[in-house]
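Visitor: model the structure of this input:
(2 chains)
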Number of protein chains: 2
Amino acid sequence: MTIRISIIGFGAVGQGVADVLMRTDYPIKVVAIADSRGAVVDADGVDLASALQRKRETGVVAVADTDRGAAADTAGMTALDVIEGVDHEIVVEATPTDITTGGIGLSYIRRAFECKRHVVTSNKGPLVVKYTELCELARKNNRYFRFEATVGGAMPAINLSNETLAGNRIISIEGVLNGTCNYILTRMDDESVSYEHALGEAQELGIAEADPSADVDGIDTAAKIVILANSVFGMDVGYDDVDVTGITKITPESFKLAKEEGHTIKLIGEIRDGVLKVAPKIVPRNHPLSIGGTFNLASIQTELAGRITIGGIGAGSVETASAILSDILWIEQTIRD
Amino acid sequence: MTIRISIIGFGAVGQGVADVLMRTDYPIKVVAIADSRGAVVDADGVDLASALQRKRETGVVAVADTDRGAAADTAGMTALDVIEGVDHEIVVEATPTDITTGGIGLSYIRRAFECKRHVVTSNKGPLVVKYTELCELARKNNRYFRFEATVGGAMPAINLSNETLAGNRIISIEGVLNGTCNYILTRMDDESVSYEHALGEAQELGIAEADPSADVDGIDTAAKIVILANSVFGMDVGYDDVDVTGITKITPESFKLAKEEGHTIKLIGEIRDGVLKVAPKIVPRNHPLSIGGTFNLASIQTELAGRITIGGIGAGSVETASAILSDILWIEQTIRD
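Guide: Numbers count the residues shown, from 1 in each chain, chains lettered A, B, ... in the order given. Here you go, the predicted structure:
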């Protein structure tokens, strides 16, 4: 059986999904792609190479009016029209993250479940704001909700905890969950430079954004901790339940002191005894959490298996798309059986 | 639905399974336990606490003749009688490993599939010697074959590669897969002691056996590499296909040289371009494979997700039992759906 998907949101992650599907040979057909300015729909499968090229060249995924012809019936279609009106099984929701309101993705996911579609998302916003409601809506409509890509890009911490480690009660999770912060801290440690210097370098390399606050203030890490708390620990928490400290106040002197003791400093997100926390922490240099560069790593303490660590590249459109692909294939296999 | 299992082999791992099932509350009923000297059978569920106590005190799991009474019908039953004659869904095969012949476990697993039972095993022998035949037999009888516990104790490298990372073609795997070797090498690195000294220390602590050759000659690591090659890469290889070098020739001088370059030495099992190899390797100190102590770690290079690392405690009866439990629960959930 071929499973039919739509891609809603065609930025780095949505394009990564199209890219990955072109490279692989799975029974997955993209029947629609929507961005904020229109949509392209084809029940026989959207031509992904053309869609990627059009988006790159014009900034819009929809076919221009003058070129429509066969695609004329999709003129003026929106993402919501796709979710509601195009026959398909899975909505891949990859719109921009807004962890305060949930953003437009929240309404798309709600509508997808109401229209009896499964949802795979990389968007933290809806999960931070309305996790419990969305899971309930999925259950009520007998549809699956998968979101591995929301935490740590290619690092499969959620599905590992909930499926691969089935039977193991999870006691606590600590993680290096933000590649930008980890890059900056690794440079401060290796080169004894200031925070400002390391940030500037990260910005030049495109690892940090012009406004880096979502990363360096710990906001992104906190959002991931909320998602892990809800999905792995069965909690019902939001952003305000996390005690958050970022990395902007860390000095070269702190690194010097840590180094003298054989330690380094990492921004650690942590869930332990029902308490959610994000803060810089001293980590022994031979501890798995001392991992450097833009790598992410979660250290999962289990009741039976002891400590399990899982690491992977924390960002990147193809890496994030690979987590989305795993979730799509999980649904495909589950509904086929 | 409650799933019924037998435990065949009641050494450290078999006892670990009983121990773990007593601590948890899953719909799993042990209807028989067999060791090399007899069996205890109870369709209502074997009393696990009594079975563990009896084994510890007498060395035998079967109820002594004089105490039989209600259990009289199980007098003289063997493991094979249990596999063939006791109604149950899953055989948990945990007999001693023999990677040359496959050992008695090989015939138990064959018989289990022929009797239409699923199999979960921690036993490397049958998988190293007859992987392809056993998978074929499972398929022919429409039964599941799960063996996460054979590689790296609590570290779920197989199910992670084949399920959690679904959709990702695996390019190569490198791993620290033997806790005893890793302990010895970590001590040689930390304390600049000789191989003989570190081995003696490991033997005193019970981390190395009196005859340590299976570990230190790389045999155990090679067996795990064969299982990974067959199960993750779809190869059809055996022990003789691995190029194996152990750790007995490593000198403190080698560590000194490595240290000067910021490196350490690890026994690495590796599958790359269809070639299987086990040998000591120089590893940068900040690389995930530089993990110390008795920890195991696999570094999995994927086409889409880049490098994924998975680490966990490499041995221990409860840790290994936790991997068996995850496999049992996977089967329980799959046949229930």
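
Visitor: rest of the way, CA atoms for contacts and neighbours
Guide: Fine.

Visitor: and for the helix or strand where A:Gln333 lies, what are the contacting residues?
Guide: Counting by DSSP states H and E, the element that carries A:Gln333 is helix A:317-336. Under the contact criterion C-alpha atoms under 8 Å, 6 or more residues apart in numbering or on different chains, helix A:317-336 has outside partners A:1, A:3, A:12-17, A:19-20, A:90, A:92, A:120-122, A:144, A:146-149, A:153-156, A:313, B:164-168, B:304-306.

Visitor: next one: it to chain centre, how far?
Guide: Helix A:317-336 has its C-alpha centroid displaced from the chain centroid by 13 Å (C-alpha atoms, centre = their mean, to the nearest Å).

Visitor: which SSE is A:Ile300 in?
Guide: Per DSSP H and E: A:Ile300 is located in strand A:295-302.

Visitor: what's in contact with that strand?
Guide: So strand A:295-302 is in contact with A:152, A:155, A:157, A:161, A:168-179, A:182, A:288-289, A:291, A:307-314, going by C-alpha under 8 Å, 6+ apart.

Visitor: right, and the helix or strand after it?
Guide: Taking DSSP H and E, what comes next after strand A:295-302 is strand A:306-313.

Visitor: each with direction, which strands does that following strand pair with?
Guide: Applying DSSP bridges to the sheet, strand A:306-313 is found paired with strand A:295-302 (antiparallel), strand B:306-313 (antiparallel).

Visitor: tell me which of these sits nearest to A:Lys277.
Guide: Nearest to A:Lys277, of all those, is strand A:295-302, at 14.3 Å by C-alpha to C-alpha.

Visitor: how near is A:Gly311 to A:Leu297?
Guide: Going from A:Gly311 to A:Leu297 by C-alpha to C-alpha, to the nearest Å gives 4 Å.

Visitor: mutual contacts of the two, please.
Guide: Contacts common to A:Gly311 and A:Leu297, judged by C-alpha under 8 Å, 6+ apart, are A:Met155.

Visitor: looking at the two, which one has more neighbours?
Guide: Counted by other C-alpha atoms under 10 Å in any protein chain shown, A:Gly311 and A:Leu297 do not tie: A:Leu297 has more neighbours, with 31 against 28.

Visitor: excluding chain neighbours, what is closest to the closest residue to chain B within the stretch 51-200 of chain A?
Guide: Nearest to chain B in the stretch 51-200 of chain A, going by C-alpha to the nearest C-alpha, is A:Ala166, at a distance of 4.8 Å. Nearest non-adjacent residue to A:Ala166, counting by C-alpha to C-alpha, 6 or more residues apart in numbering or on different chains: B:Ser326, 4.8 Å away.

Visitor: which pLDDT does the model give that neighbour?
Guide: Each residue has a pLDDT score; the one for B:Ser326 is 94.

Visitor: format the strands paired with strand A:306-313 as TSV; extra columns: mean pLDDT.
Guide: Shown next, in TSV, are the strands paired with strand A:306-313 (pLDDT from 0 to 100):
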stretch	mean pLDDT
strand A:295-302	95
strand B:306-313	94
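
Visitor: now list the buried members of the contacts of helix A:317-336.
Guide: Listed as buried from these are A:3, A:12-17, A:19-20, A:90, A:92, A:120-122, A:144, A:146-149, A:153-156, A:313, B:164-168, B:304-306; burial here means 16 or more other C-alpha atoms under 10 Å in any protein chain shown.

Visitor: near chain B, which residues of the stretch 51-200 of chain A are found?
Guide: Residues of the stretch 51-200 of chain A lying near chain B by C-alpha under 8 Å from any C-alpha of the partner chain: A:154-156, A:159-160, A:164-168.

Visitor: which among those gets closest to A:Lys259?
Guide: A:Met155 (27.9 Å).

Visitor: doesn't that closest one fall inside a strand?
Guide: No: counting by DSSP: H, G, I helix; E, B strand; the rest coil, A:Met155 is not found in a strand; it is coil.

Visitor: for it, what are its contacts?
Guide: A:Met155 sits next to A:296-297, A:310-314, A:323, B:308 when contact means C-alpha under 8 Å, 6+ apart.

Visitor: residues in contact with the residue nearest the centre of chain A?
Guide: Central residue of chain A (C-alpha atoms, centre = their mean): A:Thr150, 2.4 Å from the mean position. Contacts of A:Thr150 were listed using C-alpha under 8 Å, 6+ apart, and they are A:121-124, A:224.

Visitor: quick check: the gap between it and A:Asp327.
Guide: A:Thr150 sits 12 Å away from A:Asp327, going by C-alpha to C-alpha.

Visitor: check A:Leu228 too.
Guide: Per C-alpha to C-alpha, A:Leu228 is found 16 Å from A:Asp327.

Visitor: pLDDT and distance to A:Ala39 added to the residues of the stretch 51-200 of chain A next to chain B, as TSV?
Guide: Putting those into TSV (pLDDT from 0 to 100; distance: C-alpha to C-alpha, whole Å) gives the following:
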residue	pLDDT	distance to A:Ala39
A:Ala154	87	28
A:Met155	91	31
A:Pro156	93	30
A:Asn159	93	31
A:Leu160	94	34
A:Thr164	90	37
A:Leu165	91	40
A:Ala166	88	40
A:Gly167	87	43
A:Asn168	88	44
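
Visitor: sitting in helices, which of those do you find?
Guide: Applying DSSP state H to those, the entries found in helices are A:Asn159.

Visitor: and the furthest pair within the residues of the stretch 51-200 of chain A next to chain B?
Guide: A:Ala154 and A:Gly167 (23.6 Å).
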